[in-house]
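Engineer: missing the sequence, but the structure's below:
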């Protein structure tokens, strides 16, 4: 099946929108418990009911209300983020010990920050566990490209293939550089780190050539390709960078996450998109690249307006600014 650009966007931004069908949206939310932290009024994420039922919640730090479908991490009113983080870590350690969730078998030993209204840092948690709670996570994606002239026909893109042994989206195509932002990390520094770790690109090259160009937001519902339980929610903020490289610079796999890199024409990338070969969020990053470089325009794409809107979803949960 050939996929349109809008098909690919919808495949990444899969959680329903209230304004499309308010009644369906309300009915759909009945499949989830809302995630809260005591002392914070905001909903921080949605947890599937099946996950709530399967978790072994330590009673001294969790309040589960079946009537209101809420799950609340209970901590003292004056609790510091470290205290909440410790309670979450205790909960997850118990889940790992009980072998309760497949997704936790991809334990990364990386901590992701969770924010409340106004960007208040509430606590941090293990990266692989974030989809269980449906909280917002942050990352960076960069497209490395070579362009000999202003004509887009000369533009070529560095496209990596993910390792076939990865737990998530094995063997699928990816963006040149991509990764999650750990607690306290800034977007640009994350790009520099990931470029070195995943593509063997020198730090000085990235610092000189990486340009912040966009930000994409979406609310993804994990399918079987993501590894682990299906139906988990993954709302994400991705900071987008372009990296124009000299033809003499070649990205190379540096860790076990990337199998190989291809230097593709725009037409080759378009064909792979249409065939559904790209990881869902990497497909939308590439679509955003096409829009910004005049490859995808209102005159050539009938779904242009909806694509633009869906690439910049206003998420249902608090988000944080990463301005210094």
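Structural biologist: Thanks, I have it. It should be emphasised that the depicted structure is a prediction, and the values quoted were computed from it without experimental measurement.

Engineer: secondary structure element holding the spatially most central residue of the chain?
Structural biologist: In the chain, the C-alpha nearest the mean C-alpha coordinate belongs to residue 236, at 4.3 Å (CA atoms, centre = their mean). In the assignment (DSSP states H and E), residue 236 maps to strand 233-244.

Engineer: what mean pLDDT does that strand get?
Structural biologist: Per-residue pLDDT over strand 233-244 has a mean of 98.

Engineer: what pairs with it, parallel or antiparallel?
Structural biologist: strand 137-147 (parallel), strand 210-221 (antiparallel) (DSSP bridges).

Engineer: just name the most buried of these.
Structural biologist: Ranked by mean neighbour count under mean count of other CB atoms under 10 Å, the strands paired with strand 233-244 are led by strand 137-147, which reaches a mean of 23. C-beta here means a position set from N, CA and C on the backbone, and glycine is covered the same way.

Engineer: relative to residue 1, how far out is residue 94?
Structural biologist: As judged by CB to CB, to the nearest Å, residue 94 and residue 1 stand 43 Å apart.

Engineer: give me the more crowded residue out of the two.
Structural biologist: Counted by other CB atoms under 10 Å, residue 94 and residue 1 do not tie: residue 94 has more neighbours, with 14 against 6.

Engineer: for residue 215, give the beta-bridge partners.
Structural biologist: residue 239.

Engineer: ok, it - contacts?
Structural biologist: 237-240, 312 (CB atoms under 8 Å, 6 or more residues apart in numbering).

Engineer: which two in the residues you listed are spaced the farthest apart?
Structural biologist: Greatest spacing in those, by CB to CB: 239 and 312 (12.7 Å).

Engineer: the stretch 151-300 of the chain: strands as residue ranges?
Structural biologist: 155-162, 177-180, 210-221, 233-244, 258-265 (DSSP state E, counting those that start in this stretch).

Engineer: got the angle for the last one vs strand 137-147?
Structural biologist: Strand 258-265 and strand 137-147 are oriented at 50 degrees to each other (axes from the mean of the first three to the mean of the last three CA atoms, to 10 degrees).

Engineer: so what strands line up beside strand 258-265?
Structural biologist: strand 155-162 (antiparallel).

Engineer: pLDDT of the strand it pairs with, averaged?
Structural biologist: Averaged over strand 155-162, pLDDT sits at 97.

Engineer: what's that strand in contact with?
Structural biologist: Residues outside strand 155-162 that contact it (CB under 8 Å, 6+ apart) are 143-147, 169-176, 198-199, 245, 251, 253, 257-266, 269, 272, 279, 286, 289, 293.

Engineer: apply 7 Å and report the result again.
Structural biologist: Under the criterion CB atoms under 7 Å, 6 or more residues apart in numbering, residues 143-147, 169-174, 176, 251, 257-266, 269, 279 lie in contact with strand 155-162.

Engineer: format the strands paired with strand 233-244 as CSV; extra columns: mean pLDDT and distance to residue 37.
Structural biologist: Shown next, in CSV, are those (pLDDT from 0 to 100; distance: least, CB to CB, whole Å):
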stretch, mean pLDDT, distance to residue 37
strand 137-147, 97, 16
strand 210-221, 98, 20
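
Engineer: got those strands as JSON lines, with distance to residue 28 columns?
Structural biologist: Compiled in JSON lines, the strands paired with strand 233-244 are given as follows (distance: least, CB to CB, whole Å):
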{"stretch": "strand 137-147", "distance to residue 28": "22"}
{"stretch": "strand 210-221", "distance to residue 28": "11"}
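
Engineer: re the thing from before, between residue 239 and residue 312, tell me which one has more neighbours.
Structural biologist: Just comparing residue 239 and residue 312: by other CB under 10 Å the higher neighbour count belongs to residue 239, 21 against 13.
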